[in-house]
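Trainee: pasting the sequence and the predicted coordinates here, then a few questions.
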There are 2 protein chains.
Amino acid sequence: MQSIRIRLEEAIRSRDFAGLREAVDNLPSSDLSNLISELPSEQQAPVFRILPRKTAATTFEYLPLEKQEELLKSLAQDDVAAILNEMSPDDRTMLLEELPATATRQLLSLLNEKERAVAAKLLGYPEGSVGRLMTPDYIAVRPHWTIRQVLDYIRVHGPDSETLNLVYVVDERGVLIDDIRMRRFLLSDPERHVTELMDNHFIALKATDDRETAVNVFRKADLAALPVTDSEGVLIGIVTNDDMLDVAEEIATEDIQMFGGSEALEEPYMQIAFFRMVRKRAGWLVILFLGEMLTATAMGFFEKEIERAVVLALFVPLIISSGGNSGSQAATLVIRALALGEVTLRDWWRIMRREIFTGLALGAILGGIGFLRITIWSIFSDLYGSHWLLVALTVGVALLGIVLWGTLAGSMLPLILRRLGFDPAASSAPFVATLVDVTGLVIYFSVAAIILRGTLL
Amino acid sequence: MQSIRIRLEEAIRSRDFAGLREAVDNLPSSDLSNLISELPSEQQAPVFRILPRKTAATTFEYLPLEKQEELLKSLAQDDVAAILNEMSPDDRTMLLEELPATATRQLLSLLNEKERAVAAKLLGYPEGSVGRLMTPDYIAVRPHWTIRQVLDYIRVHGPDSETLNLVYVVDERGVLIDDIRMRRFLLSDPERHVTELMDNHFIALKATDDRETAVNVFRKADLAALPVTDSEGVLIGIVTNDDMLDVAEEIATEDIQMFGGSEALEEPYMQIAFFRMVRKRAGWLVILFLGEMLTATAMGFFEKEIERAVVLALFVPLIISSGGNSGSQAATLVIRALALGEVTLRDWWRIMRREIFTGLALGAILGGIGFLRITIWSIFSDLYGSHWLLVALTVGVALLGIVLWGTLAGSMLPLILRRLGFDPAASSAPFVATLVDVTGLVIYFSVAAIILRGTLL
């Protein structure tokens, strides 16, 4: 690999195009795209220009989106048109979708009529829908054909199909009526008819389904590709399993980033422009900061108590963080269970019941540790004053209440957000922590007011 | 679907086995497994017993692991043996791996000699390795064969193969020398030789690779299956793309749960036993609680300052939570970028430089808001005393420092954990928040000591 790279760079430097073509000949497209990514950007276009059209297009498909964008800018219009026309429709849609609208319009104009129609159609579906992921390159046959006819048809039309794993059967109006695995054709007598292989059972996606649905259907169906139909049941494309892995990773990335209290970056961390990243991160931080300001208000409300018993202030961070931690733990479990379809909104009561008992158990554990810590410290020092036992009791009881409350709030917030039509992953760890901090202070000082009345307060 | 279910239940009630067999006949295995899952558990075994062996095995494969376990207990030994022997090796390995060791040993003894050898071999690879995911059912051919020979071979051995997408070429010692797409055989003249289709280029996994590696290779390779070799390069199995989607979702679930400050549950939220869940959640909460206790120590260290200026205590929750929030934001972005391979340990300096500038920008924004909030409040009220401008300055400067520190700590912690050989996802939002809380208090009170010396302190 290293040696090919050196040969490539030498051939470019010496403008030895024959040597260049020879160096890249017979290299598989995935390797070629890796090699090209590693070249300095001004050398990438020359290598691309000498590739055979088909190779150029598949190599281009293997490049990451931002590399594709960069390269398009440095290629001549003719080369761009050739590459775009040869690209597979689903990869092209992903690229066009990524570009600013003006660039997309310009690139669309470079396509030939047939490919333009395909691209426009795919782009007509809403972002994040199955329609954007599908490719119209599939094999569709009719029920009355013989298997020999099907195999002959594949030999002619096969090169355009994204997958030869599955063959689709449609009626005279194009309505999907079955899917049949390729292997069944290979393993059957060529004189039999398609109808004999049919079971009239298939799983299909609608073009307007969202991509989360597609991933979940794929996980259950275990197929290499799923057919996509319009609202009338007419077969209009297929989605392949290898695209699903990328989609699943993208969805998980968005969920994880949102859960960390940031907007989804939507671009690789190292590539996103500094100001765009700061904007995406500042939004949530400011909202959380404004929410967290209520803690200062709440603390102000209890200023007199703090003045009288400064010892109470010492435990404020410990108490509120315990609420936040138990809350983000509960939230993350429920968010993920929702995303995987393990629980639905209708399970809210079963979840709540589970979390009440869990919150009590966790609260008792932390409350017990807190109580013991103050008790043991007080045996050896005078840090917590003469009323240390009452202080220990206050901290212990407050912890029980706050962990229970944090657990409940954390587990219910994702459900409430989903019910209101928001993404449950927006109930991020920092969001839950902020929510629980403010109420946690109120719980803590109320418990203190009851237990310490007449002694410290 | 509903009507089939009713017919099933009626047939079971009236012990009408002919009607039962008729009701399930021609239903695809995935539907059948759904129907069976919905039946009360005592009715599941009877339905299973009347299924043809092959159907029973594929239906069983579609059931979730915990249902499989339940069902095994209620089936007679003979039925269990039949189902296990017919299952595909990768699904069987997943089931055996899930069970307690004694149950696994017992089930292994039910397998016939050939299948037992296969299962024992797969189970010999470490948990989480590619070896556990692979299946030994693939098509391997020799370079000197003609394409017609290959197609004849497939017609005989095809039914056992997990995928017919790819055909593997091995030399006389079984060493993998190429992979060829099925479509190339279908689209070529049957009299040509395998060698003519070979490019001697393929991507393979090692049986000892971990599954994260497998997912990342699959994402780049866009293939329906990847071959698995031993350390000598001998082909020993294949891993299929549809298994990768499950693996990717499982990895994401573990990362998200860890990031929320819990051990990975490893079982669906609704199914895990209450005490097992509490144990998994309590572990991290207690560790974090013990760490967070240092805040009480730190606060105790500044008790005198708080007594003199109670107003300082009011902003403690606001200040430390801002550090925690910016820290978990940075941590989540770096954890995900590491998981996707967008950044590696060698990028640590580029990440740090990015985060220093990001931290300064975010800190300036939050510090500015904090400063303004205290200033504006003080114009209308006397809440923050006569030295409000110095208090506002203290809070503003402390926020700048703490947000910068939180951002840096959050972004570097995942890298440090990876460097030490731990999972970066262990640097959860609560973990980062706890780390930043303690240091945040020290920063806050140090800033206060400098700015307020001679006035409030």
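Mentor: Okay, I see it. It should be emphasised that the depicted structure is a prediction, and the values quoted were computed from it without experimental measurement.

Trainee: OK, contacts around A:Glu191?
Mentor: Neighbouring residues of A:Glu191 by C-beta atoms under 8 Å, 6 or more residues apart in numbering or on different chains: A:146-148. From N, CA and C alone the C-beta is placed, and that goes for glycine too.

Trainee: domain-wise, how is chain A divided?
Mentor: A:2-124, A:140-254, A:274-452 (automatic domain parsing).

Trainee: so how do I select the buried members of the contacts of A:Glu191 in PyMOL?
Mentor: Burial among the contacts of A:Glu191 is assessed by 16 or more other C-beta atoms under 10 Å in any protein chain shown; the matching PyMOL selection reads:
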select buried, chain A and resi 147
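
Trainee: between the contacts of A:Glu191, which sits nearest B:His157?
Mentor: A:Ile147 (19.5 Å; C-beta to C-beta).

Trainee: distance of that closest one relative to chain B?
Mentor: A:Ile147 sits at a distance of 12 Å from chain B (criterion: C-beta to the nearest C-beta, to the nearest Å).

Trainee: could you check the pLDDT of the closest residue to chain B within the stretch 151-300 of chain A?
Mentor: The nearest approach of the stretch 151-300 of chain A to chain B comes at A:Gly260, 2.4 Å away (C-beta to the nearest C-beta). As predicted, A:Gly260 sits at a pLDDT of 79.

Trainee: tell me which of the contacts of A:Glu191 fall in helices.
Mentor: Of the positions in those, A:147-148 sit in helices, assigned by DSSP state H.

Trainee: hey, where'd the strands end up in chain A?
Mentor: A:140-141, A:166-170, A:176-181, A:205-206, A:225-229, A:235-240 (DSSP state E).

Trainee: okay if I get the ones you listed as TSV plus mean neighbour count?
Mentor: What follows is these, written out as TSV (neighbours: other C-beta atoms under 10 Å in any protein chain shown):
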stretch	mean neighbour count
strand A:140-141	18
strand A:166-170	21
strand A:176-181	19
strand A:205-206	20
strand A:225-229	24
strand A:235-240	25
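
Trainee: in a markdown table, list those along with mean pLDDT and distance to chain B.
Mentor: Converted to a markdown table, these look like this (pLDDT from 0 to 100; distance: least, C-beta to the nearest C-beta, whole Å):
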| stretch | mean pLDDT | distance to chain B |
| --- | --- | --- |
| strand A:140-141 | 91 | 14 |
| strand A:166-170 | 91 | 11 |
| strand A:176-181 | 91 | 8 |
| strand A:205-206 | 90 | 15 |
| strand A:225-229 | 89 | 9 |
| strand A:235-240 | 86 | 9 |
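
Trainee: in TSV, list those along with distance to A:Thr295.
Mentor: Converted to TSV, the strands of chain A look like this (distance: least, C-beta to C-beta, whole Å):
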stretch	distance to A:Thr295
strand A:140-141	62
strand A:166-170	58
strand A:176-181	58
strand A:205-206	47
strand A:225-229	50
strand A:235-240	48
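
Trainee: quick check: chain neighbours aside, which residue is closest to A:Leu95?
Mentor: Nearest residue to A:Leu95 in three dimensions, chain neighbours excluded: A:Gln68, at 5.5 Å (C-beta to C-beta, 6 or more residues apart in numbering or on different chains).

Trainee: pLDDT at that neighbour, what is it?
Mentor: For A:Gln68, pLDDT reads 80.

Trainee: okay, now it: neighbour count?
Mentor: Burial of A:Gln68 is recorded as 21 neighbouring residues (other C-beta atoms under 10 Å in any protein chain shown).

Trainee: now tabulate the contacts of A:Glu191 in JSON lines and tack on pLDDT.
Mentor: Listed next are the contacts of A:Glu191 as JSON lines, based on pLDDT from 0 to 100:
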{"residue": "A:Thr146", "pLDDT": "92"}
{"residue": "A:Ile147", "pLDDT": "89"}
{"residue": "A:Arg148", "pLDDT": "89"}
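
Trainee: tally of neighbours for the residue of the stretch 151-300 of chain A closest to chain B?
Mentor: 29.

Trainee: contacts only, for it.
Mentor: A:Gly260 neighbours (C-beta under 8 Å, 6+ apart): A:428-430, B:259, B:328-329, B:331-333, B:429.

Trainee: one more time with 7 Å, if that's ok
Mentor: A:428-429, B:328-329, B:331-333, B:429 (C-beta atoms under 7 Å, 6 or more residues apart in numbering or on different chains).

Trainee: for A:Leu35, state which of those residues is nearest.
Mentor: B:Leu333 (29.4 Å).

Trainee: if we can go back for a sec, highest mean neighbour count out of the domains of chain A?
Mentor: For the domains of chain A, the largest average neighbour count (mean count of other C-beta atoms under 10 Å in any protein chain shown) is found in domain A:274-452, namely a mean of 21.

Trainee: so how far is that one off the chain centroid?
Mentor: 28 Å (C-alpha atoms, centre = their mean, to the nearest Å).

Trainee: so for it, mean pLDDT?
Mentor: 89.

Trainee: show the end-to-end separation of that domain, please.
Mentor: 51 Å (C-alpha to C-alpha, to the nearest Å).

Trainee: now stretch A:140-151
Mentor: So stretch A:140-151: terminal residues 12 Å apart, C-alpha to C-alpha.

Trainee: ok, back up a step: pipe the contacts of A:Glu191 into JSON lines and attach distance to B:Thr93 per row.
Mentor: Shown next, in JSON lines, are those (distance: C-beta to C-beta, whole Å):
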{"residue": "A:Thr146", "distance to B:Thr93": "40"}
{"residue": "A:Ile147", "distance to B:Thr93": "35"}
{"residue": "A:Arg148", "distance to B:Thr93": "39"}
